[in-house]
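*Asks:* Quick one, fold the following:
(3 chains)
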Amino acid sequence: MKGKKGMVLAVLLAVILSGAFARAAEPLKIGAILSVTGPASFLGGPEARTLEMLVAETNKKGGIMGRQVQLIIKDSGASPEKAFSFAKQLIDEDKVFAIIGPSTSGETMKIKSVAEEGKTILMSCAAAEAIVNPVAKYVFKTPQSDKDAVLKIFQQMKKMKITKIGVLSSNTGFGGAGKGQIEKLAPEHGITIVANEVYDKAASDLTAEVTKIKAANVQAIVNWSIEPAQAIVIKNARQIGLKIPIFQSHGFGNIKYVEAAGEAAEGVMFPAGRLLVADVLPKKNPQRELLLKYKKDYMSFCSGEECSTFGGHAYDAFIILVKGIENAKSTDKEAVRTAIENLKGFIGTAGIFNFSPTDHNGLGIDAFEMLIVKKGKFAIL
Amino acid sequence: MLGGMTAVTLNQFIPLPLAILAAVVITMIVGAIIEIVFIRWLHKPSVLRMVIITIGISILIRETALHIWGESVRALPYFTGSSVSSINLGGVYISSQILWVVGIGALVVAALTAFFNLTMLGRQMRACSANRDAARLCGINAGNMVTLSFMVSAAIGALGGCIICPITYVQYDSGTPLAIKGFTVAILGGLGNSTAAVGAGMILGILESFSIWVLPTAYKEAISIAILLAILFVKPSGIFGSAEAARLKEF
Amino acid sequence: MARRYLPIAAFAGLIVAIQLATLFSGTAYYLTQLTMTAYYSLVIVGLCMLIGYAGQISLGHAGFFAIGGYVTAFLTTCNLNLHPGVIVSLLGKSGALVARPDAYGGSLLTVHPWLACAAAILLTVVIAYLVGGPVLKLKGHYLAMATLGFGIIVYRMVLGTEFLGAADGITDVPGFPLLPGVLITGNSSARVSNYYLAWGLVILGMVLLLNLIHSRVGRALAAVHGAEDAAGAMGIPTARYKLNTFVLSAVFAALAGVLLTHYNGGIGPSEASVMKSVRYVAIVAIGGMANLWGALSMSLVLNYLSLRGYFGTYDDAVFGLILILIMLFAPDGLLRRHLFSDLKRAISRNPVEEEAP
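*Replies:* Numbers count the residues shown, from 1 in each chain, chains lettered A, B, ... in the order given. Below you'll find the model as predicted:
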């Protein structure tokens, strides 16, 4: 209750500061279920900070349609049972307008039906295809699909004439989904998987795994994970003298991993949204302005911390919601839901969203750019 | 974890060797404080009670670290060379940092063995471990010995964290699995025998690494725990420990 | 005899009172989290029996909870249409399978929840006997580490096994048709009936345990707890009693796991994590170790607050802190049955011995 009171106070203060005395409309409640602590805190942490930043900014500008936004962040610690409990609480008790999150696919899948039953918009920040396929009426997601990331990599491989690959993936939902897509799509693109290894997400040494890959005599390695282990893969591969190209998933999109891997990261290629290369994007790119703004705002809000694509997913979720409300010109859940479904050409951090009643993700393969690590920085390939 | 994290933070301000030294000292002090605040004043605590208290403390430290350092992953730079350089030993590639780890590990074991066998302080500590009451009768300050042992083990833990974190990285929650593995190795080698612990650690590491050729890699962690259970069931004194010595201890 | 059932009646009254209060204040949504609390309480009272009365610690009870939950989740979601065979058709003929439409128009053929539940409990009993046998021979910190190790193995297994959903866990678990018309499910429409069902089950468990404590077995366990060697010398089969209590508490945990999984519609690896086990032990400790009512009331309060996200990002830290404080200042547990007499003694300055050696 203390936190709530504090938030109400902050909202009141913001109202007074902005001089909006005239309108004492009830605040618009937006819930967020994020794993700020626990094994997925690298997702939930930036997401929570991004949302706090956006809500403070929106409220300073006078809120959405004259209503202040009240953000209720619940820390699920990546536990599905807590996500379930919080989703029920946010919908039944706090009567929130929409829920942003959860951070992980497992949690999202568990509350998909809760959101449907409660007729509340759920903007998931998790990547799994199953979240929006089959489509659930109220469930959307903002991250790009694994399938498009895999396709982007295969396109690059075709250019480089690579046909024999070794696949490494971590034992998480993210790793499993990527591995599944690679296995499914490889034959269509004339690529054979010679070695296929799954490792623990908390692994601290993967020499044995990369040695196995080396023995299989492959032309390139594809690694699919989202944890620190992906930096270890690169290091171990280079240490045992493997010099072939290494491809990573879009989970590599955090400069910390490049710093952690040091020199070994040089030349690593991976598909990613354009947030990471906002500085070097051509001037005419439509996303450039938004990306630079997010980068700058996040850095000043989080005292110098670099933004990551994960925070970007929460950013997109929030601005899509706001756009939906503006387009629907009301805060009726059903009207906003329809407005989001009809959103076309909307610029977000992950790409340009084109939603439809059958596509609740709205991103295509063009949301990805193939990046390469050059001199410790991301560059467009 | 604490050692590694502190060293990474300090390394932004002072050079690497100094940062590591400072981190080890700071962790040592934290170890001492924990012992004095939580353990020392207890009147003859049972070992089980201490185990539960330390589990609680480890959770607290982990959560505090999360709120201080945030969730991101950090690493120290390699001591020599870089992450791609490696030394070729007859076709086997070894990163230079591995040699640092092995070398410092050997040094620590040698120092500990010398400490326990050659110095008065070390012998007093062993006496306390064997039988606290008897040690006290001989005029040894058992309380101070426990504090000292906490400090030494905290310092070694911190040093270990510092030298391994260029390879494995450090994160707010990277301590707990290591603690469990550490306990496994200690039991395996027989408590209170650092040379045997090193041997046990090597056996465990090799078993774990080879297990991935037969079992899915994801089960790797479970292997070491299963070994711990097996040892506990069959020979709780450890494979290198003597059952008689264990029986003489109080727990 | 009657005195023993008085608190149970009072507790049942409390449960009804809470429901009526939420009914009249229009806050029925509290019942969802209270129902989840009830299932966790079931684990707690079972564990309390083991720790408090048999004197054996277990840092691996989340493992049993997860075994129950995962077995039922797997069996009730695995589509047998995709695996036709002799066994499947045999099971189908005996009525052990149910066909149901999935959420998106396809059809699923799965094991009936009752059968899945029975399988889960059976597996738990087998595992508990296999693990409990050798583990309970250990003492002190060896016992703690061995049970902790068991918990970690279960955690690693569910995390690493693909057909158990790895890190994502299992979703779309159907409701549990307990009685005709009574379905264990998290749907808001079935909130009240599920609330009574869950707490009714807890009360049933309490009656069973209370009767056990006051029986020959309970007295034998008390003797084991006090002085195991002496109890053995008196002809009490200590090992057997300890093992049976261990299995009983494991079954409590597994049953809670089964039902909560059906209630939540899924389960994830976090239910098997070490932190969960530590949390259960912390609640038993604060409840007073050998005090079922203390454990139950503390479980009600703490689990409920935790499920409501009251502790924010300090959730784990709170339980760690509780564990430390209790072990430091009141190793016999906070809500001791003799708390008041202890206080009286302390006030009248009779020296109280701090801890039995």
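*Asks:* Spatially, what comes nearest to the residue of the stretch 51-200 of chain C found nearest chain A if we skip its sequence neighbours?
*Replies:* Residue of the stretch 51-200 of chain C nearest chain A, by Cβ to the nearest Cβ: residue C:168 (3.4 Å). The way it works is simple: take the backbone N, C-alpha and C, and place the C-beta from them, glycine included. Leaving aside its sequence neighbours, residue C:168 sits nearest to residue A:106 (Cβ to Cβ, 6 or more residues apart in numbering or on different chains; 3.4 Å).
*Asks:* what about the helix or strand hosting that neighbour, average pLDDT?
*Replies:* Taking DSSP states H and E as the criterion, residue A:106 maps to helix A:105-117. Average pLDDT, helix A:105-117: 86.
*Asks:* before we move on, what about stretch A:351-367?
*Replies:* Stretch A:351-367 carries an average pLDDT of 88.
*Asks:* Low-confidence ranges, the chain, go.
*Replies:* All of this is about chain A. Scanning chain A with the threshold set as pLDDT under 70 gives A:1-25, A:202.
*Asks:* I was thinking of chain C, sorry if that wasn't clear
*Replies:* In chain C, residues with pLDDT under 70: C:1-2, C:81-96, C:99-107, C:332-357.
*Asks:* Give me every residue in it lying close to chain A.
*Replies:* Counting by Cβ under 8 Å from any Cβ of the partner chain, chain C comes close to chain A at C:27, C:29-30, C:32-33, C:36, C:103-104, C:156, C:159-160, C:162, C:165-169, C:171-172, C:186-188, C:260, C:264-268, C:270-271, C:307-309, C:312-313, C:315-316.
*Asks:* List buried residues within the residues you listed.
*Replies:* When those are checked for burial by 16 or more other Cβ atoms under 10 Å in any protein chain shown, the buried set is C:29-30, C:32-33, C:36, C:156, C:159-160, C:165-169, C:171-172, C:186, C:188, C:260, C:264-268, C:270-271, C:307-309, C:313, C:315-316.
*Asks:* Keep only those of these that are in helices.
*Replies:* Counting by DSSP state H, those place C:30, C:32, C:33, C:36, C:156, C:159, C:160, C:260, C:264, C:307, C:315, C:316 in helices.
*Asks:* Now do the strands in the stretch 1-150 of chain B.
*Replies:* With strands called from DSSP state E, counting those that start in this stretch, the stretch 1-150 of chain B shows them at B:86-89, B:92-95.
*Asks:* what's the span of stretch A:187-203 from first residue to last?
*Replies:* Using Cα to Cα, to the nearest Å, the span of stretch A:187-203 from its first residue to its last is 30 Å.
*Asks:* same check, this time on stretch A:194-205
*Replies:* 22 Å.
*Asks:* any idea how far the residue of the stretch 1-150 of chain C found nearest chain A is from residue A:88?
*Replies:* Proximity of the stretch 1-150 of chain C to chain A (Cβ to the nearest Cβ) peaks at residue C:29, 3.7 Å away. Distance of residue C:29 to residue A:88, computed by Cβ to Cβ, to the nearest Å: 7 Å.
*Asks:* Now do the shared contacts for those two.
*Replies:* residue C:188 (Cβ atoms under 8 Å, 6 or more residues apart in numbering or on different chains).
*Asks:* Where do the strands of chain C begin and end?
*Replies:* Using DSSP state E, the strands of chain C run over residues C:97-101, C:107-111, C:170-171, C:176-179, C:182-184, C:266-267.
*Asks:* list the contacts for the closest residue to chain C within the stretch 1-150 of chain B?
*Replies:* Here the stretch 1-150 of chain B gets closest to chain C at one residue, residue B:59, 3.2 Å apart by Cβ to the nearest Cβ. Counting by Cβ under 8 Å, 6+ apart, residue B:59 makes contact with C:275, C:278, C:316, C:317, C:319, C:320, C:323.
*Asks:* so of those, which ones are in helices?
*Replies:* Per DSSP H, the contacts of residue B:59 map to helices at C:275, C:278, C:316, C:317, C:319, C:320, C:323.
*Asks:* count of neighbours near residue B:15?
*Replies:* If you count neighbours by other Cβ atoms under 10 Å in any protein chain shown, residue B:15 ends up with 9.
*Asks:* How about residue C:195?
*Replies:* Using other Cβ under 10 Å, residue C:195 has 21 neighbouring residues.
*Asks:* Equivalent analysis for residue C:240, please.
*Replies:* So residue C:240, with other Cβ under 10 Å, has 10 neighbours.
*Asks:* before we move on, what about residue C:204?
*Replies:* 12.
*Asks:* Give me the secondary structure label for the closest residue to residue A:75 other than its chain neighbours.
*Replies:* Using Cβ to Cβ, 6+ apart and skipping residues adjacent in sequence, the residue nearest residue A:75 is residue A:36, 4.3 Å away. Of the three states, residue A:36 takes coil under DSSP: H, G, I helix; E, B strand; the rest coil.
*Asks:* now residue A:195
*Replies:* Residue A:195 is classified as strand under three-state DSSP.
*Asks:* so it makes contact with residue A:210?
*Replies:* No: here residue A:195 does not reach residue A:210: they are 9.7 Å apart, not a contact under Cβ atoms under 8 Å.
*Asks:* So if I had to pick from those two, which one is more boxed in?
*Replies:* When neighbours are counted by other Cβ under 10 Å, residue A:195 and residue A:210 differ, and residue A:210 comes out ahead with 27 against 19.
*Asks:* who does the helix or strand harbouring that one touch, helix- and strand-wise?
*Replies:* Per DSSP H and E, residue A:210 falls inside helix A:207-215. Applying 3 or more Cβ pairs under 8 Å, 6 or more residues apart in numbering or on different chains; DSSP states H and E, one finds that helix A:207-215 makes contact with strand A:164-170, strand A:192-199, helix A:229-239.
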